[in-house]
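Peer 1: generate coordinates for the sequence data below:
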Amino acid sequence: MLVRFAATLQKRYGRRVDLDEAIRHLLLRQEKKPEVLDSIIGSVPMISTEELYEERRLDEEKRARRYNT
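Peer 2: Below you'll find the predicted structure:
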């Protein structure tokens, strides 16, 4: 499902979209619909949507510090 969503974004934006960008898009856009994220990460045992949001936030903070953005 994530690959299909990334393909939809690629078609929409007319450029390559990696899976990280697709996840980032889902996290920013789908906060009101966590069931979409749950369907994507449902195959990952023992992780909740809240944990995914927190891990992505931490990753983004690390990236910002590393690249000074």
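
Peer 1: from here on, contacts and neighbour counts on C-alpha atoms
Peer 2: Will do.

Peer 1: for residue 10, see how far away the spatially most central residue of the chain is.
Peer 2: The geometric centre of the chain, computed from its C-alpha atoms, lies nearest to residue 23 (CA atoms, centre = their mean), at 1.5 Å. Counting by CA to CA, to the nearest Å, the gap from residue 23 to residue 10 is 13 Å.

Peer 1: out of the helices and strands in this protein, which is least certain?
Peer 2: helix 34-41 (a mean of 68; mean pLDDT, DSSP states H and E).

Peer 1: could I get whatever helix or strand comes next after that one in PDB with only the CA atoms?
Peer 2: Heading C-terminal from helix 34-41, the first helix or strand you meet, by DSSP states H and E, is helix 49-67. Presented in PDB, the C-alpha positions along helix 49-67 are these (Å, rounded to 0.1, in the frame of the first residue of the first chain):
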ATOM      1  CA  THR A  49       0.600   5.300  15.200                       C
ATOM      2  CA  GLU A  50       1.600   7.600  18.100                       C
ATOM      3  CA  GLU A  51       5.000   5.900  18.300                       C
ATOM      4  CA  LEU A  52       5.500   6.300  14.500                       C
ATOM      5  CA  TYR A  53       4.600  10.000  14.800                       C
ATOM      6  CA  GLU A  54       7.200  10.400  17.600                       C
ATOM      7  CA  GLU A  55       9.900   8.500  15.800                       C
ATOM      8  CA  ARG A  56       9.400  10.500  12.600                       C
ATOM      9  CA  ARG A  57       9.500  13.800  14.600                       C
ATOM     10  CA  LEU A  58      12.800  12.700  16.200                       C
ATOM     11  CA  ASP A  59      14.200  11.700  12.800                       C
ATOM     12  CA  GLU A  60      13.200  15.100  11.300                       C
ATOM     13  CA  GLU A  61      14.900  16.900  14.200                       C
ATOM     14  CA  LYS A  62      18.100  14.900  13.800                       C
ATOM     15  CA  ARG A  63      18.100  15.700  10.000                       C
ATOM     16  CA  ALA A  64      17.500  19.400  10.700                       C
ATOM     17  CA  ARG A  65      20.400  19.500  13.100                       C
ATOM     18  CA  ARG A  66      22.700  17.500  10.800                       C
ATOM     19  CA  TYR A  67      22.000  19.700   7.700                       C
END
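
Peer 1: with that, I have no additional questions.
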